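Undergrad: this one's structure only:
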């Protein structure tokens, strides 16, 4: 059985590319993330097909709009049954709207994206924020808890804080996971799988170390083995 805490992103251009990657990974992975790149082609259909094949699906679409629009979008996604998790930006109005949209369909979890893992302190200053990365992440975690959503997306460096504030059952999904043998790429706040889990992550999103490997299945199994050394 694949480690249910490992999520592999299908960040590819076409449905055919995604199907080929799923085939290569085989039984090594059971949880997939579908982001904006695949959404632009055939993302929802792919999500539904994965669910029918017994796979788990995380729709990382980072909904961010006026409350009414987010509510309707979340309602449509929840009704489709295509996703186990859906991301929205961790702003109070957006998170509350997503919860209203999900009402009556408690299966789909709503996650708030705190601060993108590619952003640094300098990036936030350029955007006009008066808070540093850690302070902004903390504020958004507390707002997510107050809004009543199921969890957050935060870098491994903020996983311990998210777990402490959110509590035992709060979902803490960490992108920016890079094993020692992989490049950091564009992740400014990365950590190894073991480090992220030990800090409090409930799920890890690990992409390029797996998807660009010569043998993606072998890479996924290698990461799962590392994760297996950390008990939930």
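TA: Looks like it came in fine. Quantities reported herein were computed from a predicted structural model and do not represent experimental measurements.

Undergrad: in stretch 211-226, what counts as buried?
TA: By 16 or more other CB atoms under 10 Å, the buried positions in stretch 211-226 come out as 211, 213, 216-217, 219-224, 226. Any C-beta I mention is one placed from the backbone N, CA and C, and that applies to glycine too.

Undergrad: Quick one: end-to-end length of stretch 23-37, please.
TA: The first and last residues of stretch 23-37 sit 19 Å apart, counting by CA to CA, to the nearest Å.

Undergrad: How about it, which residues are buried there?
TA: Across stretch 23-37, burial judged by 16+ other CB under 10 Å covers 24-25, 28-35, 37.

Undergrad: just the strands in the protein please.
TA: Taking DSSP state E as the test, the strands found in the chain are 6-9, 31-34, 56-63, 85-89, 109-113, 151-153, 171-174, 203-205.

Undergrad: Low-confidence stretches in this structure?
TA: Low-confidence segments of the chain, defined by pLDDT under 70: 106, 182-190, 230-232.

Undergrad: and the spatially most central residue of the chain, what is it in contact with?
TA: For the chain, the residue nearest the mean C-alpha position is residue 173 (5.3 Å; CA atoms, centre = their mean). If you count contacts by CB atoms under 8 Å, 6 or more residues apart in numbering, residue 173 has them with 7, 58, 85, 111, 151-154, 201-205.

Undergrad: swap the cut-off to 10 Å and go again
TA: Residues in contact with residue 173, defined by CB atoms under 10 Å, 6 or more residues apart in numbering, are 5, 7, 33, 58, 60, 85, 87, 109, 111, 113, 151-154, 159, 162, 196, 201-205.

Undergrad: sorry, back to before: adding distance to residue 118, write the buried residues of stretch 23-37 out as TSV.
TA: Below are the buried residues of stretch 23-37 laid out as TSV (distance: CB to CB, whole Å):
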residue	distance to residue 118
24	27
25	25
28	27
29	24
30	27
31	22
32	21
33	16
34	19
35	14
37	15
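
Undergrad: Between these, which sits nearest residue 15?
TA: Nearest to residue 15 among the buried residues of stretch 23-37, counting by CB to CB, is residue 34 at 10.5 Å.

Undergrad: May I see the strands of the chain organised as JSON lines, with distance to residue 132 added?
TA: Shown next, in JSON lines, are the strands of the chain (distance: least, CB to CB, whole Å):
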{"stretch": "strand 6-9", "distance to residue 132": "27"}
{"stretch": "strand 31-34", "distance to residue 132": "27"}
{"stretch": "strand 56-63", "distance to residue 132": "22"}
{"stretch": "strand 85-89", "distance to residue 132": "19"}
{"stretch": "strand 109-113", "distance to residue 132": "17"}
{"stretch": "strand 151-153", "distance to residue 132": "17"}
{"stretch": "strand 171-174", "distance to residue 132": "19"}
{"stretch": "strand 203-205", "distance to residue 132": "23"}
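
Undergrad: Kindly compare burial across those strands and name the winner.
TA: Most buried of the strands of the chain, by mean neighbour count (mean count of other CB atoms under 10 Å): strand 151-153, with a mean of 28.

Undergrad: counting contacts, what elements does that one pack onto?
TA: Under the contact criterion of 3 or more CB pairs under 10 Å, 6 or more residues apart in numbering; DSSP states H and E, strand 151-153 touches strand 56-63, strand 85-89, strand 109-113, helix 133-147, helix 159-166, strand 171-174, strand 203-205.

Undergrad: Report the strands that pair with it, each with its relative direction.
TA: The pairing partners recorded for strand 151-153 under DSSP bridges are strand 109-113 (parallel), strand 171-174 (parallel).

Undergrad: Throw those strands into TSV and include distance to residue 100, thanks.
TA: As requested, the strands paired with strand 151-153 are arranged in TSV below (distance: least, CB to CB, whole Å):
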stretch	distance to residue 100
strand 109-113	10
strand 171-174	19
